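Student: okay, here's the prediction I keep looking at, along with the sequence it came from:
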Amino acid sequence: SIVYLNGVMTPLSEARIPVLDRGFIFGDGVYEVIPIYAGNAFRAQHHMARLFRSLAAIGIPNPHNEPEWMALINQVVAPYGKDDQMVYIHVTRGVAKRGHAFPKEALTPTVFIMTNPLVLPSDAVRDKGVSCVTMEDQRWLHCEIKSISLLGNVLAAQHAAEHSVVEAIQFRDGFLTEASSSNVWIVNNGVLMAPPKNNLILEGIRYSLIEELCAANNIAFVARRIERKEVMEADEVLLSSATKEILPVTVIDGKTIGNGQPGPIYQQLYQAYQGAKF
Ligand code: PDD
């Protein structure tokens, strides 16, 4: 496949970065994952805004304005026509002699963009719901930044993989945060709830989308701290991410959630999500 790297379209197999890139050395960079439906970047402005926030949060000068970013994305996805894709955008501080603090000289950020087929959960998976495990959130305290330093998330995802489940649902000091690469929602008595948007979670682009879908479909939504017990005893538990859309969780730590079936709020939100795509 053809990728974008620092101003040039190049075959992935030929894309190269210097080993002193601070992304490689320190994980010093940020990223985005944007779903492309039928050739169109979904919620593109929201993803751009989050990319710009992430860059600003770690003091990387934004190398492009929004139209330039959109043109680059379109350039990368165009060869794949109407196929659903997921675009990966990766920006690092650039290349410099190794030293932890930001180099004094101005660096040119490294910009990498690739696209892959968007493989969504199958209908069979959606009909059954997925299983998760729980674990303590062992990540840092700037989870709101979409950082490429993902070791905490990698270890959480590996924990899930070792239990043959799709996600690890994390708790910090007894309260729900999020999963390794998705936001987590619970439903109790018809009310949808999620942890508040703060430094303890990445605000998924689907977070505000789901808030909008709730408002449009008369689903009550409350953002508040959620205890572990509330998750385990919820009527429904949902995951959301660019690559999962909205996915029902029916088993956590081997225990059945609700009646063990994807619930009515999930069904309603999933239909609404599909309707919002085009
Ligand atoms: N992950 N929380 C974390 C830690 C995430 O990594 C993600 C997304 C989300 C959901 O955000 P969104 O709705 O914008 O996809 C929440 C992407 C898909 C990834 O790392 O591949």
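Tutor: Yes, it's here. Numbering: from 1, shown residues only.
Student: which residue packs closest to the residue of the stretch 101-250 of the chain found nearest the ligand, ignoring adjacent ones?
Tutor: Closest contact between the stretch 101-250 of the chain and the ligand, by CB to the nearest ligand atom, is at G204 (2.8 Å). C-beta here means a position set from N, CA and C on the backbone, and glycine is covered the same way. By the measure of CB to CB, 6 or more residues apart in numbering, the closest residue to G204 outside its immediate chain neighbours is N183, 4.3 Å from it.
Student: tell me the first helix or strand C-terminal of whatever helix or strand V154 lives in.
Tutor: For V154, the element it lies in under DSSP states H and E is helix 151-162. Sequence order places strand 167-172 as the next helix or strand after helix 151-162, per DSSP H and E.
Student: pairing partners for that next one, with directions?
Tutor: strand 130-136 (parallel), strand 175-179 (antiparallel) (DSSP bridges).
Student: which positions in the protein make contact with the ligand?
Tutor: Residues of the chain that fall close to the ligand, judged by CB under 6 Å from any ligand atom: 33, 153, 178, 181-183, 202, 204-206, 240-243.
Student: of those - the most surrounded one?
Tutor: E178 (30 neighbours; other CB atoms under 10 Å).
Student: contacting residues for that one?
Tutor: Contacts of E178 were listed using CB atoms under 8 Å, 6 or more residues apart in numbering, and they are 143, 169-170, 184, 195, 201-202.
Student: what of G263?
Tutor: Contacts of G263 by CB under 8 Å, 6+ apart are 187, 235-236, 248.
Student: give me the pLDDT for it.
Tutor: At G263, the model reports a pLDDT of 98.
Student: and it, how far is that from the ligand?
Tutor: 20 Å (CB to the nearest ligand atom, to the nearest Å).
Student: separation between that residue and I257?
Tutor: 9 Å (CB to CB, to the nearest Å).
Student: overlap in contacts, the two.
Tutor: Joint contacts of G263 and I257 (CB under 8 Å, 6+ apart) are E236.
Student: circling back: now, the residues of the chain next to the ligand that are in strands?
Tutor: 33, 178, 183, 240-241 (DSSP state E).
Student: what residues of the helix holding V154 count as buried?
Tutor: 152-153, 156-157, 159-160 (16 or more other CB atoms under 10 Å).
Student: farthest pair in the ones in strands among the residues of the chain next to the ligand?
Tutor: Farthest pair in these (CB to CB) is V33 and E178. Separation: 14.8 Å.
Student: report pLDDT for A161.
Tutor: Reported pLDDT for A161: 99.
Student: ok, now how distant is it from T92?
Tutor: 27 Å.
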